[in-house]
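[1] have a look; sequence and predicted model below, questions after that.
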Amino acid sequence: MNHYVTGGTIRRLREETGKTQAELAAKLCVSDKTVSKWETGRGLPDITLLEPLVAALNISVIELLSGECVANVNRAANMKRSKIYVCPVCGNVIHAAGSTVISCCGVTLPPLEAEEPDGGHELQVEYSDGEYYVKLMHPMSKTHYVSFIAYVTDGSFDMVKLYPEGGAEARFSARGRGEILALCNQHGLIKASVPPHRK
């Protein structure tokens, strides 16, 4: 484990929840002197106390260990504010409706930053009969491929998983203005606006 909870983190979180050292100690069945030692760096909570400690502070274990609180900044539930996380170890793709702390295979994952496509990753989007057909002229070998294509609007997030040696294309039911996201395993996340269509 690269990080462990610090005294400063415990104190800040305790104060943010409005608890005294004695109140936190009572919830954990330890003495207030023990909590004081943690907060002044003269001791560390035993690992068996981490779960009760996060429950008392109303946070997650990852937040406690990292010292960073995660606030839900996507309260309007706008799916265009979605974040994509990809594990470099197992390739797991995780979609979240907003910023959060995601860990996979022991790695804390940063959210991917989408960029406009370059010449080698041009997204072609066509509208026909109530659907968007999305295609990339992109290699789909075992070492260089598009992992997924997604269509994102304010209220929906539709993802099609792709596989090496398959086609870099997908179809989506048209739901209005939005954007297309695609993940190249070597060059990262790219995005393009969905063009308006006429009925």
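    That came in fine, so what should we check first? Numbering: from 1, shown residues only.

[2] buried residues, the lowest-mean-pLDDT helix or strand in the chain. List them.
    None of the helices or strands of the chain scores lower by mean pLDDT, DSSP states H and E than helix 61-66, at a mean of 75. For helix 61-66, the neighbour count (16 or more other Cβ atoms under 10 Å) marks Ile62, Glu63, Leu64, Leu65, Ser66 as buried. Where you see a C-beta, it was placed from the backbone N, CA and C, and this is true even at glycine.

[3] do the same with stretch 29-42
    Within stretch 29-42, judged by 16+ other Cβ under 10 Å, the buried ones are Val30, Thr34, Val35, Ser36, Lys37, Trp38, Glu39.

[4] average pLDDT across the host helix or strand of Ser36?
    Ser36 is located in helix 32-39, with elements delineated by DSSP states H and E. Averaged over helix 32-39, pLDDT sits at 91.

[5] what comes into contact with it?
    Here helix 32-39 makes contact (Cβ atoms under 8 Å, 6 or more residues apart in numbering) with 7-8, 10-11, 14, 20-22, 24-25, 28, 43-45.

[6] among those residues, which two are most distant?
    The distance between the two most remote of these (Cβ to Cβ) is 20.5 Å, for Thr20 and Leu44.

[7] residue boundaries of the helices in this structure?
    According to DSSP state H, the chain carries its helices in the segments 7-16, 21-28, 32-39, 50-57, 61-66.

[8] dump these into JSON lines; add distance to Arg175 as well.
    Output for those, formatted as JSON lines (distance: least, Cβ to Cβ, whole Å):
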{"stretch": "helix 7-16", "distance to Arg175": "40"}
{"stretch": "helix 21-28", "distance to Arg175": "47"}
{"stretch": "helix 32-39", "distance to Arg175": "50"}
{"stretch": "helix 50-57", "distance to Arg175": "38"}
{"stretch": "helix 61-66", "distance to Arg175": "33"}
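
[9] could you give the angle of the helix holding Ser36 to helix 50-57?
    100 degrees (axes from the mean of the first three to the mean of the last three Cα atoms, to 10 degrees).

[10] export helix 32-39 to CSV, keeping only CA atoms.
    In CSV, the C-alpha atoms belonging to helix 32-39 read as follows (Å, rounded to 0.1, in the frame of the first residue of the first chain):
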residue,chain,number,x,y,z
ASP,A,32,-10.3,10.2,22.9
LYS,A,33,-6.5,10.2,23.6
THR,A,34,-6.2,7.6,20.9
VAL,A,35,-7.9,9.9,18.4
SER,A,36,-5.7,12.8,19.6
LYS,A,37,-2.6,10.7,18.9
TRP,A,38,-3.7,9.9,15.4
GLU,A,39,-4.4,13.5,14.6
